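Peer 1: quick one: sequence plus predicted model below, questions after.
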Amino acid sequence: MSTSNTSAQGQRLGLTCCPTCTNLCQTQNKTCPRCGQEVTSRDYSSIQKSWALLITAAILLFPANLYPITVMTSQGQVRKDTIFSGINHLIQLDLLPIAIILFTASILVPMLKIIGLCIYLLAISFEVPISKRKLMAGFHIIEWIGRWSMLDLFVISITAALVNMGQLFDAKPAPAATAFALVILLTQLAAKVLDTRLLWDRLESNDDRT
Ligand SMILES: [Zn+2]
């Protein structure tokens, strides 16, 4: 491997890419000559914004899992389900595939996303000795998981539709549904807001020892 440390960075050459129109701009100009957008070489405040969003999402995981997420009314009986009791209920009803999808979408994916983003932010914020290869793999996993974010909302709407159509049930979202939707939204924003160039800087400056 002899490709490292020879690549020229735009930052060293005084060049940066406009975030709006991708025009190559001189860093000292501050604004893009083509579209007028403010141009910064690196957005260091994005780490703080990302941390704030991620911590809020992690805190909201508690009400999302502890409070009921659906209220079902069937023949005058009211049944409140948390995510866990809902999955348990589906297993008891022999609906194992739906239970697995619900578990993956509402517990596994959000958890993995928060843990992944947390490792990623720790690696940028504090020089955590994680090898280049692992950081890159982690980055691709977070990117990949991101595409499945809508699965959670999709599963909830499908389950509600199934329940409403199949029997004489009436399913309504309960308080945890708001918290859960916020967890998904905030993790999405935390990943979106972060200036990924900060990670590439770290990768450029660190030699891979594994
Ligand atoms: Zn521009």
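Peer 2: Perfect, thanks for sending it. Keep in mind it's a predicted model, so treat the numbers as computed, not measured.
Peer 1: contacts and neighbour counts: CA atoms only from here.
Peer 2: Noted.
Peer 1: please name every helix or strand in contact with the top helix by length along the chain.
Peer 2: Determined from DSSP state H, the single longest helix within the chain is helix 45-66. Applying 3 or more CA pairs under 8 Å, 6 or more residues apart in numbering; DSSP states H and E, we find helix 45-66 packed against helix 83-92, helix 109-125, helix 175-193.
Peer 1: show me how far the second one is from its chain's centre.
Peer 2: If I follow you right, that is helix 109-125. 8 Å (CA atoms, centre = their mean, to the nearest Å).
Peer 1: hmm, back to that, of all the helices and strands packed on helix 45-66, which one is nearest Leu151?
Peer 2: helix 109-125 (9.2 Å; CA to CA).
Peer 1: buried stuff in that closest one?
Peer 2: Using 16 or more other CA atoms under 10 Å as the burial criterion, the residues of helix 109-125 that qualify are 109-111, 113-114, 116-121, 123-124.
Peer 1: now stretch 17-29
Peer 2: 17-18, 24-27.
Peer 1: closest to the ion out of these?
Peer 2: Cys18 (4.6 Å; CA to the ion).
Peer 1: thought Ser41 was touching the closest one, still the case?
Peer 2: No - in this structure Cys18 lies outside contact range of Ser41 using CA atoms under 8 Å: 9.4 Å.
Peer 1: got the residues of this structure near the ion?
Peer 2: 18, 21, 32, 35 (CA under 5 Å from the ion).
Peer 1: the helix or strand of the chain with the lowest mean pLDDT: what's the following helix or strand?
Peer 2: For the chain, counting by mean pLDDT, DSSP states H and E, helix 149-166 ranks last in confidence among helices and strands (a mean of 67). Proceeding N to C from helix 149-166, the next assigned helix or strand is strand 169-173, under DSSP states H and E.
Peer 1: give the pairing partners of that next one; include direction for each.
Peer 2: strand 70-74 (antiparallel) (DSSP bridges).
Peer 1: now do the buried residues in the strand it pairs with.
Peer 2: 70-72.
Peer 1: low-confidence bits of the protein, can you list those?
Peer 2: 1-8, 149-150, 152-153, 155-156, 159-160, 162-169, 204-210 (pLDDT under 70).
Peer 1: please repeat the previous calculation with a cut-off of 80.
Peer 2: Residues of the chain meeting the criterion pLDDT under 80: 1-12, 41, 72-76, 127-136, 138-139, 142-143, 145-174, 196, 199-210.
Peer 1: that older thread, out of the buried residues of stretch 17-29, list just those in strands.
Peer 2: 17, 24-26 (DSSP state E).
Peer 1: hang on, the earlier thing: for the buried residues of stretch 17-29, which one is nearest Ser157?
Peer 2: Cys18 (38.8 Å).
Peer 1: list the contacts of that closest one.
Peer 2: Neighbouring residues of Cys18 by CA atoms under 8 Å, 6 or more residues apart in numbering: 24-25, 32, 37-39.
Peer 1: would you turn those into CSV with distance to Ala58?
Peer 2: Conversion of those to CSV gives the following (distance: CA to CA, whole Å):
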residue, distance to Ala58
Leu24, 37
Cys25, 38
Cys32, 37
Gln37, 33
Glu38, 32
Val39, 32
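Peer 1: distance of Gly146 relative to Ile184?
Peer 2: Using CA to CA, to the nearest Å, Gly146 is found at 10 Å from Ile184.
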